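Engineer: Any chance you can model this:
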Amino acid sequence: SEVYNIFVTWVRFMALQWREVDIWPQQDIVNFYAPTDFSRKFPNTRVVLDGTECPVKKPTVPAAQQVTFSSYKNRNTAKVMIGMTPAGQVSYVSHAYGGSTSDRQMLERSNLVTKCESGESVLTYKGFDVQDLFAPRNVSINIPTFFKRKNRMCGKTVLRDRAISSKRVHVERVIGLGKTYKILCNPLN
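Structural biologist: Here you go, the predicted model:
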């Protein structure tokens, strides 16, 4: 138990210290390290966003069960939003929220909108419809097209959506790599 107490104390101490480090890079650094294909297709992209959920043990308190239950995963989870630069560096990690929290609510509670500057763009996935949150800061959202009572899309739209999906796959790989660690494979307390 003494080793456990020392370990937990140091992990908490490091978490407090690392919280002070700002991992949000400057736009010129993002542009310098961005792959040429990414720069050509999405030149003003500052961050590529995706969300992930990690399993947590079922809380004993019913209110906590309700907050952490994810209907998407059909179990209790903690939800986090991950942002990555076009070059593959993790540049944003949100606070963890209960699995019942929507992606929009996580973004509203985060400081990501204030970090983005005018003229930049954010690349994200189809279910993340948040253009209205970024509009006052003149930040555009690159998001795949929604079907609106159409059964077909034009060729230009299909090519654009493929380009977005091909660039988003990198943030999904980073999240997948993070989940290979044993600490995130098992349900968290």
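
Engineer: for this structure, what spans make up the helices?
Structural biologist: Taking DSSP state H as the criterion, the chain carries its helices at 2-18, 27-33, 36-41, 62-68, 103-109, 112-115, 131-134, 155-178, 182-185.

Engineer: among those helices, which is nearest residue 54?
Structural biologist: helix 182-185 (5.4 Å; C-beta to C-beta). Where you see a C-beta, it was placed from the backbone N, CA and C, and this is true even at glycine.

Engineer: If you tally nearby residues, what's the number for residue 83?
Structural biologist: When neighbours are defined as other C-beta atoms under 10 Å, residue 83 has 25 of them.

Engineer: Any stretches of this structure with poor pLDDT?
Structural biologist: Counting by pLDDT under 70, the chain shows low-confidence ranges at 146-153, 157, 182-186, 188.

Engineer: can you rerun that using 50?
Structural biologist: Of all residues in the chain, none has pLDDT under 50.

Engineer: sorry, back to before: could you dump the helices of the chain into JSON lines and include mean neighbour count and distance to residue 80?
Structural biologist: Shown next, in JSON lines, are those (neighbours: other C-beta atoms under 10 Å; distance: least, C-beta to C-beta, whole Å):
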{"stretch": "helix 2-18", "mean neighbour count": "9", "distance to residue 80": "14"}
{"stretch": "helix 27-33", "mean neighbour count": "14", "distance to residue 80": "21"}
{"stretch": "helix 36-41", "mean neighbour count": "14", "distance to residue 80": "24"}
{"stretch": "helix 62-68", "mean neighbour count": "14", "distance to residue 80": "13"}
{"stretch": "helix 103-109", "mean neighbour count": "16", "distance to residue 80": "8"}
{"stretch": "helix 112-115", "mean neighbour count": "16", "distance to residue 80": "12"}
{"stretch": "helix 131-134", "mean neighbour count": "14", "distance to residue 80": "18"}
{"stretch": "helix 155-178", "mean neighbour count": "15", "distance to residue 80": "9"}
{"stretch": "helix 182-185", "mean neighbour count": "10", "distance to residue 80": "10"}
